[in-house]
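# Sequence and predicted model, in that order:
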Amino acid sequence: MSEATKTGARLRVRQVRSGIGFSYDQKATLGALGLGRINRVRTHPDNPQVRGMIGKIPHLVVVESTEEAK
């Protein structure tokens, strides 16, 4: 288990660009992150799976901030 997962670190992910015109896989990744509309924000645990999804669509999303779970 990573150190971030142990401490409860979280990532705020904001969609900044439309998925229109991109591959099905990239649109599916947006959906898996709970995104789908521009400026929608979702909070996810900071783990390798979520980081991998964000890494697959860096041109569509921005990681706004990291925060500690309370």
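Ah, there it is.
# okay, CA-based contacts and neighbour counts for the rest of this
Fine.
# H44 in helix, strand or coil?
Look at H44: counting by DSSP: H, G, I helix; E, B strand; the rest coil, its state is strand.
# who touches it in this structure?
Taking CA atoms under 8 Å, 6 or more residues apart in numbering as the definition of contact, the neighbours of H44 are 10-13, 50.
# and with 6 Å instead?
For H44, the residues meeting the contact criterion (CA atoms under 6 Å, 6 or more residues apart in numbering) are 10-11.
# Who is it paired with across the strands?
L11 (DSSP bridges).
# So which elements touch the helix or strand where G31 lies?
G31 is part of helix 24-32, with elements assigned from DSSP states H and E. In terms of contacts (3 or more CA pairs under 6 Å, 6 or more residues apart in numbering; DSSP states H and E), helix 24-32 is packed against no helix or strand at all.
# pull the CA atoms of it into CSV?
As requested, the backbone C-alpha atoms of helix 24-32 are provided in CSV (Å, rounded to 0.1, in the frame of the first residue of the first chain):
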residue,chain,number,x,y,z
TYR,A,24,-13.6,5.6,-27.2
ASP,A,25,-11.0,4.5,-24.5
GLN,A,26,-10.4,8.1,-23.6
LYS,A,27,-14.1,8.9,-23.3
ALA,A,28,-14.6,5.7,-21.2
THR,A,29,-11.8,6.9,-18.9
LEU,A,30,-13.6,10.2,-18.4
GLY,A,31,-16.7,8.3,-17.5
ALA,A,32,-14.8,6.1,-15.1
